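J.: Provided below for reference: sequence and predicted model.
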Amino acid sequence: MDVGIAESAADAASTAADLIQRAVRAKPEVVLGLATGSSPVGIYDELARRLSDGGISLAAASAFMLDEYVGLPPDHPQAYRSVIEDKFTRKVDIDPAHVHGPDGTADDVEAACADYEQAIRAAGGIDVQILGIGTDGHIAFNEPSSSLASRTRIKTLTRQTRIDNSRFFDGDLDAVPSHCLTQGIGTILEARQILLIAAGSAKAEAIRQTVEGPVSARWPATALQLHPAVTVLLDPAAASRL
Ligand code: GLP
């Protein structure tokens, strides 16, 4: 695990964008894994800026999202599909038909999850997976106690995660869906390269566990210690307990 402590969250995002830019230059048809949440927004802004400067093109790239709420239509402003379009894919030249996410409106959830795993395999797997981290150490929506070998499946969101995410639903906890579809930890670990970005003191304990703690389902991100190519980029506050 390579751990980089940047001077600021913006510097961490810029370093992450450098890494992604190198991956895109090496393989224009790169397959990116996209996270929602606030952590990666700086990376997405930086990539969009570099695209408008002509430094990068995602025209040949494709992307797979990590997770999606169950029951929100894709055009709901808080559906992760809408969020990723707003924060990233609409600002770059990636083909919208090549941006994939789990189908949170499917009647047959198990089939939707199996289809998603198959789609990732058919694309040749994920080259660079961007990750944020929850305050409880969750990655994607793999909450504490998730199997470290888990695959894409339906999960119940913890009350804490629903409280954390209610800020995106005008503070209305009842409006936050109770379930989600998420890539499993086993799915995430198959990405060739993983880039985790975190900022702020609320993430400091989760980062300490991820980097220095024992591998345990208690802190799902500790599974990243098992992967050979993980880069963790932090601001000083997120790194403060290392
Ligand atoms: C959400 C997402 C995760 C994200 C995490 C942290 O629950 N499912 O993918 O990493 O929360 O979010 P933020 O980056 O906003 O702190």
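T.: Arrived safely, thanks for sending.
J.: now for the nearest residue to L66 once chain neighbours are set aside, how many residues are close by?
T.: What sits nearest to L66 in space, not counting adjacent residues and going by Cβ to Cβ, 6 or more residues apart in numbering, is A140, at 3.9 Å. All C-beta spots, glycine's among them, are computed from the backbone N, C-alpha and C. By other Cβ atoms under 10 Å, the residues close to A140 number 32.
J.: L34 is in contact with A140, correct?
T.: No. With contacts counted by Cβ atoms under 8 Å, A140 stays clear of L34, the gap being 10.6 Å.
J.: residues that sit against both of the two, list them.
T.: Common contacts of A140 and L34 (Cβ atoms under 8 Å, 6 or more residues apart in numbering): L66.
J.: next, the residue most central in space within the chain: phi, psi?
T.: The chain has A35 as the residue nearest its centroid, 2.4 Å off, counting by Cα atoms, centre = their mean. Per-residue torsions, A35: phi -110, psi 150 (degrees, to the nearest 10).
J.: now swap in R153 and tell me
T.: Here is the backbone geometry of R153 (degrees, to the nearest 10): phi -160, psi 170.
J.: what does the helix or strand of the chain with the lowest mean pLDDT contact?
T.: In the chain, no helix or strand scores lower on mean pLDDT, DSSP states H and E than helix 159-165, which sits at a mean of 89. Outside helix 159-165, the residues within contact range by Cβ under 8 Å, 6+ apart are 134-136, 138, 141, 143, 157, 173, 176, 178.
J.: got it, and stretch 11-20?
T.: 4, 6, 32, 40, 42-43, 45-47, 50, 128, 130, 193, 195, 197, 199, 231, 233-235.
J.: mind listing what the nearest residue to H179 once chain neighbours are set aside touches?
T.: In space, and not counting its chain neighbours, H179 is closest to V70: 4.0 Å by Cβ to Cβ, 6+ apart. If you count contacts by Cβ under 8 Å, 6+ apart, V70 has them with 104-105, 109, 154, 177-181.
J.: kindly report the same for L157.
T.: With Cβ under 8 Å, 6+ apart, L157 has these contacts: 141, 143, 165, 176-180.
J.: can you check D45 too?
T.: A13.
J.: what does the pLDDT read for it?
T.: If you check D45, the pLDDT there is 97.
J.: give me the distance between it and the ligand.
T.: Distance, D45 to the ligand, by Cβ to the nearest ligand atom, to the nearest Å: 14 Å.
J.: for that residue, phi and psi?
T.: phi -60, psi -40.
J.: with A202 instead?
T.: phi -60, psi -20.
J.: for this protein, what's the longest helix?
T.: Ranked by residue count and defined by DSSP state H, the top helix of the chain is helix 9-26.
J.: let's test this: mean pLDDT of that helix, rounded?
T.: Mean predicted lDDT for helix 9-26 stands at 97.
J.: before we move on, the earlier item: now the least confident helix or strand of the chain, how far from the centre of its chain.
T.: Computed by Cα atoms, centre = their mean, to the nearest Å, the chain-centroid distance of helix 159-165 equals 17 Å.
J.: now that helix: buried residues?
T.: Neighbour counts using 16 or more other Cβ atoms under 10 Å place 161-162, 164-165 of helix 159-165 among the buried residues.
J.: name the next helix or strand downstream of that helix, please.
T.: Moving toward the C-terminus from helix 159-165, the next helix or strand (DSSP states H and E) is strand 179-182.
J.: sheet partners, orientation included, of that next one?
T.: Here strand 179-182 has these sheet partners by DSSP bridges: strand 67-69 (antiparallel), strand 153-156 (antiparallel).
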